[in-house]
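Asker: Pasting a predicted model and its sequence here:
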Amino acid sequence: MKKLLLSSIIVLIGFTFIGRLSYLQLFRFSPDQILDDPAIKKVYDYPERGYIYDRDGKLLVGNQPAYDVMVIPREVKPLDTLEFCSLLGIEKPEFLSKMEKARRYSPRLPSVLVPQLSKEDYAKLQEKMRHFTGFYIQKRSLRYYNTQSAANVLGYISEVNEWDLKNNPYYVAGELKGRTGIEQQYEEILRGQKGVKHIQKDRFNRDIGPYKGGKLDTLPQQGKEIHITIDKTLQEYGEKLMHGKRGGIVAIEPKTGEILTMISGPTYDPALLVGRQRSKNYSKLHYDTISKPTWDRSILAQPSPGSPFKTLNALVGLQEGVIDTNTKFRCYHGFYVGNTLRGCHCGGGVRDLNSGIYQSCNAYFAGVFRRIFDKYETTDEGMDVWEKHMKSFGLGDYLGTDLPTGAPGRIPDVAYYDKWYGNGRWAASTIISNSIGQGEIAATPLQLANMTAAIANRGYFYTPHIIKSVGNNGKIDPKYTEPRYTTIDRKYFEPVIEGMANVYNYGTARWVKIPGIDIAGKTGTVENYIRIDGERMQLTDHSVFVAFAPIKNPQIALAVYIENGYYGSRYAGHIASLLIEKYLKGEITRKDLEKRMLEKTLEHEYAKPYSGEPFEINEYEW
Amino acid sequence: MSGRGPFGRLDWITVILYALLVFIGWINIYSTSVGEASTSIFDFSTLYGKQLFFIGLAALGIIFVLFVESHFFERFASIFYIGSIALLLGLFVFGKTIAGATSWYDLGFFNLQPSELAKVATALALAKFLSDIQTDIRTGRHQLYALAIILIPALLILPQPDPGSSLIYFSLFFVLFREGFPIYYLGILIFAVVLFATTLMFGTVWVAIGLIILTLLIYTFKKASVKIPILPVLGVIAVSILFSLSVNFVFENVFEQRHRDRFALWLSLEKDEEKLDEIRKTIGYNTYQSEKAIESGGFTGKGFLEGTRTKGDFVPEQHTDYIFSSVGEEWGFLGTSAVILLFSLFFLRLIYIAERQKSDFSRMYGYGVISILVFHYFINIGMVIGLLPTIGVPLPFFSYGGSGLIFFTMLLFIFLKLDSNRLKDGI
């Protein structure tokens, strides 16, 4: 016993140790623990973010250097604090509290003391920098905007948040990522691929050389420049016209589907979201919940389209063979649904297709709508056919553009009304408002512009897109170069387009005719309501206008939607006409018209519902 | 003399095992301390260069030991012992403080740690006392003498403070057990450890209450025929309570906060993940880092000089007390289990050698050597792999450090020298 005591203890210890070691090294070991190895730090080498150019190669977004003043608290030697503070442009207490914060983070590691100095401040500071041991300047790249427009299109970049980190292993806390617009959509192309260096660290987190001699390291890949379809001049001009107005404008080149202009009003200078004032500016924009400058009305607003939608009903009527160009309906300054008279502003009388369009006769289109439904035995069948035609114009669903946000709009269907009214408890007359683009239809300005492009093309469209080329001449997604055909035969478009041309010649937009350019257009005046503090009130009508030009060889198709701008040709019509002229001629001949649009604002209109006092809508004077 | 020279009957198996341990230890010290710039392994400004120098000194020590006449050690054991006690006392006046412990003499080129020397001397002195023809370990008086020989250096080392080294002296009890010291003393020792732990966990009051309840239970359920006198039992309880109180005293006054924290960590199993995380960053940092380093080695290890945590110096004291974590990281389970196996073989071989001694002195000294080495090995690796609380003792032959390596070597080779003379002794 006494001879064996020590031997057995040694064997016992041996087994215990090996047991524990197999637990640690065999059971608890996992091969990917390089990830949480504190000794290996990944240091990233960030490539420059790609530039963004407009369709003509004009620079929209580039990069600018910014200078962070860094500090390593341990290495700081006594300094002339006052002089340093005045160079940095901060107060002494702020300086001291920032120093303390840096020290608490780590005495050995660099912290940002003052972020993003401007070039001018940097120049002043640079010569004196050597007097301040422990501080140094680190250059970084910020976005530079060569335009004050297109903030909604371009988007912005900001630090990745927790959601990004969880869902995309590429990003590491503190990195920048595109938010909204082009910056988000083409993030991977613009940002390039960061390079990784694996640095071996000691326990004080100091570098002690590359890990495995740099075998696992990668080089950064430069971000690519991209060209977008936006026309910088037109975009900037359009935003000027939108001054003081809320709404959205989208212009498309019909033969390609390229988005020429995408304007949301009110908007903001994209440079506001760069630099030291970024978060202050962002809060200001983000919390403006009344005018919503960050809400892109061109792709998110979904008003009823109003009268421009009549053109589609005309097309469906022709396609279904329930009308021809000579089919006439009588307008009694309105039309009857049962015994109720629904009003019309066209002046009354007998309307055919042409005058129905250019005078925007409600009675005519109510008639067409009824006939479409009457052709089929059941309302459901009629509804299905109607819905199918409408959706073929890219309405009622996401268009599939290369914009990160969007709204589907709405084309109501059988299920929708069954739910609303009950199965079999509705008919064409119940939903007759759809014939004139009111009712349950909703469409974004982008969808309206696209619908107009489809009419301009006489029956097809290209999915609207914003990318023109990646790099200098890189290919884009083939889905943007394949035509999408509507369900309407080509031959039915001419009479409708003729009606739209006459909108300018004799119709609702005759005072915004552009000399020398044939335009086809359609006005819209959309009734709308708002609920404030539980009280439903009607506001001044939205002013809507769609147009394309020239009629023979369409270069531009656009939709203009101005909130509370009253009738279609008042604001929307003016703006559409100016934009078309600007785009096709390059200059504006009708200076008075231009001046009126640049100066007039609708702020008084927008203030009405919040004034707390009774107000008038649809005022005649303007 | 056998006439075959000083190396003649040396147990070469032990020597080879020893050389292997020193070599593997040095390889790992090299790995923990190699920088990018240095070129030669003989660069004495580096730790591995210094260790190489110490290995050289140890080799000289071996030669010295082997050339000395073997009775010298037995004859001068008392002198060594008294000398080393004097050196330990001298520390209170001339000691040099390194890392908070006044355990060294500064010899200029070398820091001498007399507690290492005292281990050799105490093992020799104990063997000499026990092997004396007049000593009878079964008598209380001689048991007390033996205890004194062990406890005097231990008590002198304790306040340096160096509780780790102090604890090592208790290993010499195994010599006593081998020589007929009643094994129930081991029971008392275990009882004391349990008292120690429970006192720290629950406090003296609860320990006292527990003891009384235990006693009452024994009296309640014992057979009526069995008589247990009440007075000795009360005595045991009283002594236990006194011990428990002294545990508190030692814990609060002798131990430093870091020691207290270590025991606190070891004994109270913290469940709260947040607090655990806090502990990993503070008092449990060493253990956590060393476990992580070993764990990250996996089955095969990251390879020589490829240990990222080793290179980053993440495990504190990794070239000294935590050297085994380097083995774990760079050589993996294969390496660690090989080292454990090597140590076990080495110890078993030494026991075999001790048992074949004809001279009582040699056998007892041999047991002393084995006990000291095993205790170091057990406490060190147990700590590094997270089984035992953090107690700073080096891993014999492995850890960086001159005093340690040289005196462990001397300790061992004195025994091998005695062994080589065993045939002569028997006559």
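Answerer: Right, received. Where do you want to start?
Asker: Residues of the stretch 201-350 of chain B that sit close to chain A?
Answerer: Residues of the stretch 201-350 of chain B found near chain A (Cβ under 8 Å from any Cβ of the partner chain) are B:291, B:294-299, B:306, B:308-309, B:311-314, B:316, B:328, B:332-333, B:336-337, B:340-341, B:343-344, B:347-348. Any C-beta I mention is one placed from the backbone N, CA and C, and that applies to glycine too.
Asker: Identify each of the helices in the stretch 101-250 of chain B and give its residue range.
Answerer: Taking DSSP state H, counting those that start in this stretch as the criterion, the stretch 101-250 of chain B contains helices spanning B:114-131, B:140-157, B:163-168, B:173-178, B:184-202, B:204-221, B:230-249.
Asker: A:Leu125 is in contact with A:Phe132, isn't it?
Answerer: No. Using Cβ atoms under 8 Å, A:Leu125 makes no contact with A:Phe132, being 9.1 Å away.
Asker: Give me the longest helix you can find in the chain.
Answerer: No chain was given, so I picked chain A. Across chain A, the longest stretch assigned as helix under DSSP state H is helix A:4-22.
Asker: My question was about chain B, not that one.
Answerer: Longest helix in chain B, counting residues (DSSP H): helix B:323-355.
Asker: Just want the angle from the following helix or strand past it to helix B:114-131.
Answerer: Using DSSP states H and E, the helix or strand that follows helix B:323-355 in sequence is helix B:360-384. Between helix B:360-384 and helix B:114-131, the angle comes out at 140 degrees (axes from the mean of the first three to the mean of the last three Cα atoms, to 10 degrees).
Asker: what's the angle between helix B:360-384 and helix B:323-355?
Answerer: Going by the same axes, to 10 degrees, helix B:360-384 makes 160 degrees with helix B:323-355.
Asker: so helix B:360-384 versus helix A:4-22, what angle?
Answerer: Interaxial angle, helix B:360-384 versus helix A:4-22 (the same axes, to 10 degrees): 20 degrees.
Asker: quick one: helix B:360-384 to chain centroid distance?
Answerer: Computed by Cα atoms, centre = their mean, to the nearest Å, the chain-centroid distance of helix B:360-384 equals 7 Å.
Asker: again with stretch A:339-352
Answerer: That offset, for stretch A:339-352, works out to 39 Å (Cα atoms, centre = their mean).
Asker: That one: end-to-end distance?
Answerer: Taking Cα to Cα, to the nearest Å, the first and last residues of stretch A:339-352 lie 24 Å apart.
Asker: swap in stretch A:164-173?
Answerer: Termini of stretch A:164-173 sit 9 Å apart (Cα to Cα).
Asker: How about residues contacting that stretch?
Answerer: A:Lys42, A:Tyr44, A:Glu159, A:Val160, A:Lys177 (Cβ atoms under 8 Å, 6 or more residues apart in numbering or on different chains).
Asker: buried sites along it?
Answerer: Neighbour counts over stretch A:164-173 (16 or more other Cβ atoms under 10 Å in any protein chain shown) mark A:Asp164, A:Tyr171 as buried.
Asker: Just give me the longest strand of the chain.
Answerer: No chain in the question, so chain A it is. strand A:535-549 (DSSP state E).
Asker: my bad, chain B
Answerer: Max-length strand for chain B by DSSP E is strand B:101-106.
Asker: Can you give me the buried ones in it?
Answerer: B:Ala101, B:Thr102, B:Ser103, B:Trp104, B:Tyr105.
Asker: Quick check: the gap between the second one and B:Val247.
Answerer: Read that as B:Thr102. Between B:Thr102 and B:Val247 the computed distance is 24 Å (Cβ to Cβ, to the nearest Å).
Asker: Could you find the closest non-adjacent residue to B:Val233?
Answerer: When the adjacent residues along the chain are set aside, B:Val233 lies closest to B:Thr215, with 6.1 Å between them (Cβ to Cβ, 6 or more residues apart in numbering or on different chains).
Asker: Over to B:Gly332?
Answerer: Excluding its sequence neighbours, the residue lying closest to B:Gly332 (Cβ to Cβ, 6+ apart) is B:Gly301, at 3.0 Å.
Asker: now swap in B:Phe375 and tell me
Answerer: Excluding the flanking residues, the one nearest B:Phe375 by Cβ to Cβ, 6+ apart is B:Ser171, at 3.6 Å.
Asker: same thing with A:Arg484?
Answerer: Spatial nearest neighbour of A:Arg484, chain neighbours left out: A:Phe461 (5.8 Å); criterion: Cβ to Cβ, 6+ apart.
Asker: How about A:Leu448?
Answerer: In space, and not counting its chain neighbours, A:Leu448 is closest to A:Ala559: 3.5 Å by Cβ to Cβ, 6+ apart.
Asker: in a helix, that's where that neighbour is, yeah?
Answerer: No. Counting by DSSP: H, G, I helix; E, B strand; the rest coil, one finds A:Ala559 to be strand, located in no helix.
Asker: show me the contacts for it.
Answerer: Contacts of A:Ala559 (Cβ under 8 Å, 6+ apart): A:248-250, A:308, A:445-446, A:448-449, A:451-452, A:544-546.
Asker: So it versus A:Ser577, what's the distance?
Answerer: As judged by Cβ to Cβ, A:Ala559 and A:Ser577 stand 13 Å apart.
Asker: Next: A:Gln64.
Answerer: Using Cβ to Cβ, A:Gln64 is found at 38 Å from A:Ser577.
Asker: These two - which one has more neighbours?
Answerer: A:Ser577 (29 against 14; other Cβ atoms under 10 Å in any protein chain shown).
Asker: what's that one in contact with, if anything?
Answerer: Contacts of A:Ser577 by Cβ under 8 Å, 6+ apart are A:Ala509, A:Val512, A:Lys513, A:Ile514, A:Ile519, A:Ala547, A:Leu593.
Asker: Tell me which helix or strand comes right after the helix or strand encompassing it.
Answerer: Element membership for A:Ser577, per DSSP H and E: helix A:574-585. Counting by DSSP H and E, the next helix or strand C-terminal to helix A:574-585 is helix A:591-599.
Asker: what is A:Leu176 paired to in the beta sheet?
Answerer: Taking DSSP bridges as the rule, A:Leu176 bridges to A:Glu159.
Asker: how deep is it tucked in, by neighbour count?
Answerer: By the criterion of other Cβ under 10 Å, A:Leu176 has 20 neighbours.
Asker: residues contacting it?
Answerer: Taking Cβ under 8 Å, 6+ apart, we find A:Leu176 in contact with A:Ile157, A:Ser158, A:Glu159, A:Val160, A:Arg191.
Asker: What pLDDT is listed against the residue lying closest to the last one once chain neighbours are set aside?
Answerer: By the measure of Cβ to Cβ, 6+ apart, the closest residue to A:Arg191 outside its immediate chain neighbours is A:Gly223, 5.2 Å from it. The model reports A:Gly223 with a pLDDT of 88.
Asker: if we can go back for a sec, quick one: contacts for the residue nearest to B:Gly332?
Answerer: The contact partners of B:Gly301, taken as Cβ under 8 Å, 6+ apart, are B:Gly307, B:Gly328, B:Glu329, B:Glu330, B:Trp331, B:Gly332, B:Phe333, B:Leu334, B:Gly335.
Asker: let's go with 6 Å and repeat that
Answerer: Applying Cβ atoms under 6 Å, 6 or more residues apart in numbering or on different chains to B:Gly301 gives the contacts B:Glu330, B:Trp331, B:Gly332, B:Gly335.
Asker: And for A:Thr233?
Answerer: Counted by Cβ under 6 Å, 6+ apart, A:Thr233 has zero contacts.
Asker: That one and chain B: what is the separation?
Answerer: From A:Thr233 over to chain B the distance is 57 Å, taken as Cβ to the nearest Cβ, to the nearest Å.
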